[in-house]
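[1] the amino acid sequence is not available; the structure is as follows:
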């Protein structure tokens with residue numbers, strides 16, 4: 001009662017580090033640090049004033065003070081004891097160091113788990129089958145869109161499962177509750193949040209069983225729910241991107257093969273037309289062939305645009321001017337039932353782009369939007385502004401890196417598209433229009449143009465609401481420059497041209513075009529033969545024109561070998577795309593231009609003359625003719641005739 005120790009067991013001796021004699025007569029308060037002594041004194045006074053026994057060791061937590069001065073956590077219980085000498089206090093002391101450490105580790109583990117669960121957005125639920133209670137974690141409520149104060153009822157959980165997926169979920173739950181199984185399942189399904197938003201989730205469940213009588217019954221089920229909506233979108237985008245890449249490759253290959261045949265059709269038709277009197281029916285027939293051939297050429301061009309293999313002449317362009325220019329004819333062309341609205345930010349950053357392709361992209365998007373409203377009318381909106389993409393994104397048309405973009409949005413209030421249609425909308429020859437109303441190249445061409453320019457397309461379409469198409473083109477900060485207008489004249493020449501190609505129809509049409517322009521020709525059908533001919537008389541050739549796809553020697557390899565003998569020799573490639581001229585190595589090999597297939601005599605004439613005139617300006621002495629215009633090279637005394645035959 002006077003606060004000194006009159007008795008102590010060996011556990012107290014070991015706990016505090018004192019001997020038995022050192023403890024006897026020692027004030028109890030000295031076994032505790034000064035900051036805890038007031039609380040100890042208050043507890044001692046309360047215990048002495050209160051009758052009745054208390055559980056041993058159950059009371060307050062303090063800090064114990066060992067003989068060596070170190071502290072440790074303790075729990076003490078004070079109980080008054082009536083003895084012959086008077087009332088004393090029995091002090092029960094428990095060292096709770098191990099318990100505190102276990103509590104700390106458990107708390108740290110729970111905090112780590114909570115941090116991981118919240119960071120990974122893992123929702124957790126637990127169902128107590130006996131009490132029929134359902135616990136929903138905060139993350140799970142966030143995933144399901146359920147308020148924190150809303151009771152976590154099993155029926156509510158069921159209601160949130162998408163009606164088309166309920167049978168699948170119920171079947172999995174039934175199997176997990178079967179004692180004959182392992183009590184586990186993992187499925188993916190959809191939920192419908194209270195706000196109507198559909199989300200995809202991954203559900204992983206484990207059920208534990210208890211035995212009631214002779215049969216085990218479910219006692220507790222724990223489930224983990226992860227929102228995989230974004231993952232599903234990325235997977236869908238990657239699937240579409242992969243499919244588009246495959247279709248793009250196929251389309252490009254078909255277009256290149258078709259180009260060779262089309263060159264012959266157009267080339268010989270152009271050459272034949274002036275030879276037929278205008279009053280002859282055949283003259284009209286040839287005109288129809290030319291017209292159909294030019295339409296086919298445009299279709300090939302669209303295929304190459306889709307496959308990102310078409311020719312492009314890019315310049316820094318103010319996109320807002322192109323959009324405004326495209327809007328002018330739209331205003332007079334659209335039906336009165338469609339209202340056109342525009343919101344064009346004139347401060348939108350310029351883009352590095354091909355003018356014609358950007359105009360085609362805008363018109364194709366507008367045409368699709370107008371067609372979607374042809375029956376009901378509506379509103380067509382065009383918006384252009386800068387947009388900053390903070391992080392890399394995956395879109396149906398491919399990866400969209402972080403950065404600044406000029407964003408063109410075309411919105412219509414038309415009929416919208418079914419998801420199955422929207423998933424295929426970029427495929428060539430696939431059309432959502434009725435049969436006969438479209439070739440299915442509009443959006444596929446847009447896709448090719450945008451992706452070739454390093455951009456991306458995002459489409460959001462809802463039935464009876466409309467469609468929003470957003471196009472992102474990488475922005476520039478450089479000023480725009482004017483694109484020089486082409487010269488419409490048809491120049492001719494008399495220089496010697498080494499023409500090398502393997503496809504028979506392409507060789508014949510190309511040879512006829514070159515001869516009609518007055519050039520002297522050496523026509524060969526293999527790279528090896530061309531090299532042998534050139535090696536015999538390198539100074540006789542003024543220009544090398546080679547098809548990109550030679551069977552035995554690549555065109556750039558042939559150019560490289562020829563220029564080792566004649567460093568000043570200019571080289572023109574014939575290819576499906578001007579993009580074949582792609583790097584500095586081509587310029588080193590003397591490849592100064594690429595003529596896109598199918599060959600058109602007007603285009604070919606201008607390109608050849610431009611290259612040869614540039615060479616003449618640089619080397620005036622190299623332009624002296626070796627033969628008269630139109631003469632075929634047959635220089636047998638040089639051994640040239642051994643290799644100059646096309647066969």
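    Everything's here; your move. No experiment lies behind these values; they were computed from the predicted model shown. Numbers count the residues shown, from 1 in each chain.
[2] got phi/psi on the spatially closest residue to residue 30 that is not a sequence neighbour?
    Spatial nearest neighbour of residue 30, excluding adjacent residues (Cβ to Cβ, 6 or more residues apart in numbering): residue 65 at 7.3 Å. The way it works is simple: take the backbone N, C-alpha and C, and place the C-beta from them, glycine included. Backbone torsions of residue 65, given as degrees, to the nearest 10, read phi -120, psi 110.
[3] beta partners for residue 65?
    Under the criterion DSSP bridges, residue 65 forms beta bridges with residue 71.
[4] residues in contact with it?
    Residues counted as contacts of residue 65 (Cβ atoms under 8 Å, 6 or more residues apart in numbering) are 16, 30-33, 71.
[5] neighbours around residue 492, how many?
    Neighbour count for residue 492, taken as other Cβ atoms under 10 Å: 14.
[6] that one and residue 515, how far apart?
    For residue 492, the distance to residue 515 (Cβ to Cβ, to the nearest Å) stands at 11 Å.
[7] do the same with residue 496
    12 Å.
[8] what are the ranges of the helices in the stretch 101-250 of the chain?
    Here the stretch 101-250 of the chain has its helices, by DSSP state H, counting those that start in this stretch, at 138-144, 154-160, 166-176, 229-272.
[9] which of those has the lowest average pLDDT?
    Note on those: lowest mean pLDDT is at helix 229-272, with a mean of 72.
[10] point out where this protein drops to low pLDDT.
    Scanning the chain for pLDDT under 70 picks out 1, 50-58, 237-257, 298-313, 396-398, 427-442, 477-489, 577-589, 618-647.
[11] show me it divided up by domain.
    The record's domain parsing of the chain by automatic domain parsing lists 10-100, 120-227, 235-306, 314-474, 496-642.
[12] starting at the chain centroid, how far to the second one?
    What it means is domain 120-227. Its chain's C-alpha centre lies 33 Å from the corresponding centre of domain 120-227 when counted by Cα atoms, centre = their mean, to the nearest Å.
[13] over to the first one?
    Its chain's average C-alpha position is 69 Å from that of domain 10-100, according to Cα atoms, centre = their mean.
[14] CSV please, covering the domains of the chain and showing distance to residue 112.
    What follows is the domains of the chain, written out as CSV (distance: least, Cβ to Cβ, whole Å):
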stretch, distance to residue 112
domain 10-100, 18
domain 120-227, 12
domain 235-306, 30
domain 314-474, 27
domain 496-642, 52
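[15] go through the ones you listed and name the closest to residue 107.
    Residue 107 lies closest, by Cβ to Cβ, to one member of those: domain 10-100, at 10.2 Å.
[16] and the closest one, end to end?
    23 Å (Cα to Cα, to the nearest Å).
[17] could you report the neighbour count for residue 269?
    20.
[18] er, residue 158 actually
    The burial count for residue 158: 12, using other Cβ under 10 Å.
[19] repeat that for residue 532.
    Residue 532 is flanked by 16 other residues according to other Cβ under 10 Å.
[20] tell me which other helices or strands the one helix or strand it maps to touches.
    Residue 532 is part of helix 527-536 when elements are defined by DSSP states H and E. Helices and strands touching helix 527-536, as assessed by 3 or more Cβ pairs under 8 Å, 6 or more residues apart in numbering; DSSP states H and E, comprise strand 496-500, strand 520-524, strand 543-547, helix 555-565.
[21] try it again with 6 Å
    helix 555-565 (3 or more Cβ pairs under 6 Å, 6 or more residues apart in numbering; DSSP states H and E).
[22] all helices of the stretch 301-450 of the chain, in order?
    Remark: helices assigned in the stretch 301-450 of the chain by DSSP H, counting those that start in this stretch are 319-333, 355-372, 419-422, 442-452.
[23] for residue 221, which of those is the nearest?
    Proximity to residue 221 (Cβ to Cβ) singles out helix 419-422 among these, at 33.9 Å.
[24] check the offset of that closest one from the chain's centre.
    Helix 419-422 sits 19 Å away from the centroid of its parent chain (Cα atoms, centre = their mean).
[25] residue 232 and residue 200 touch, don't they?
    Yes - between residue 232 and residue 200 there is a contact under Cβ atoms under 6 Å: 4.7 Å.
[26] OK, contacts around the nearest residue to residue 223 once chain neighbours are set aside?
    Nearest non-adjacent residue to residue 223, counting by Cβ to Cβ, 6+ apart: residue 205, 4.4 Å away. Residues near residue 205 by Cβ atoms under 6 Å, 6 or more residues apart in numbering: 176, 185, 223.
[27] for the second one, which residues are in contact?
    Right, residue 185. 172, 176, 205 are the contacts of residue 185 under Cβ under 6 Å, 6+ apart.
[28] export those as CSV, with columns for distance to residue 600.
    Output for the contacts of residue 185, formatted as CSV (distance: Cβ to Cβ, whole Å):
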residue, distance to residue 600
172, 64
176, 69
205, 67
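[29] quick one: which of the residues you listed is nearest residue 615?
    For these, the minimum distance to residue 615 (Cβ to Cβ) is 75.7 Å, reached by residue 172.
[30] tell me how many other residues surround residue 395.
    Neighbours of residue 395 (other Cβ under 10 Å): 19.
[31] likewise for residue 315?
    That count, for residue 315 with other Cβ under 10 Å as the rule, works out to 15.
[32] could you do residue 348 as well?
    Residue 348, neighbours per other Cβ under 10 Å, totals 22.
[33] same thing with the one 5 residues further on?
    Using other Cβ under 10 Å, the number of residues around residue 353 comes to 28.
[34] so what's it closest to, chain neighbours aside?
    Nearest residue to residue 353 in three dimensions, chain neighbours excluded: residue 317, at 5.1 Å (Cβ to Cβ, 6+ apart).
[35] can you verify my assumption that the one you found contacts residue 354?
    No - using Cβ under 6 Å, residue 317 is not in contact with residue 354, being 8.5 Å away.
[36] so the residue nearest to residue 353 bridges to which residues?
    residue 351.
[37] could you measure it against residue 329, distance?
    Distance, residue 317 to residue 329, by Cβ to Cβ: 19 Å.
[38] for those two, indicate the residue with more neighbours.
    residue 317 (21 against 11).
[39] for the residue of the chain most remote from its centre, give me phi and psi.
    For the chain, the residue at maximal distance from the C-alpha centroid (Cα atoms, centre = their mean) is residue 84, at 88.8 Å. Here is the backbone geometry of residue 84 (degrees, to the nearest 10): phi -60, psi -30.
[40] ok, now the one 4 residues further on?
    Phi and psi for residue 88, reported as degrees, to the nearest 10, are phi -120, psi 170.
[41] kindly report the same for residue 196.
    Residue torsions, per degrees, to the nearest 10, at residue 196 are phi 90, psi -10.
[42] ditto for residue 346
    When quoted as degrees, to the nearest 10, the phi and psi of residue 346 stand at phi -70, psi -10.
[43] please apply the same query to residue 213.
    Residue torsions, per degrees, to the nearest 10, at residue 213 are phi 70, psi -120.
[44] tally of neighbours for it?
    6.
[45] how about residue 510?
    With other Cβ under 10 Å as criterion, residue 510 counts 29.
[46] what's near enough to touch it?
    residue 599.
[47] separation between it and residue 604?
    Distance of residue 510 to residue 604, computed by Cβ to Cβ: 8 Å.
[48] same check, this time on residue 568
    Going from residue 568 to residue 604 by Cβ to Cβ gives 22 Å.
[49] okay, these two: which has more neighbours?
    Set side by side, residue 568 and residue 604 show more neighbours around residue 604, with 21 against 11, by other Cβ under 10 Å.
[50] quick one on the thing from earlier: looking at the contacts of residue 185, spot the one nearest residue 156.
    Once Cβ to Cβ is applied, the member of the contacts of residue 185 that ends up nearest residue 156 is residue 205, at 17.2 Å.
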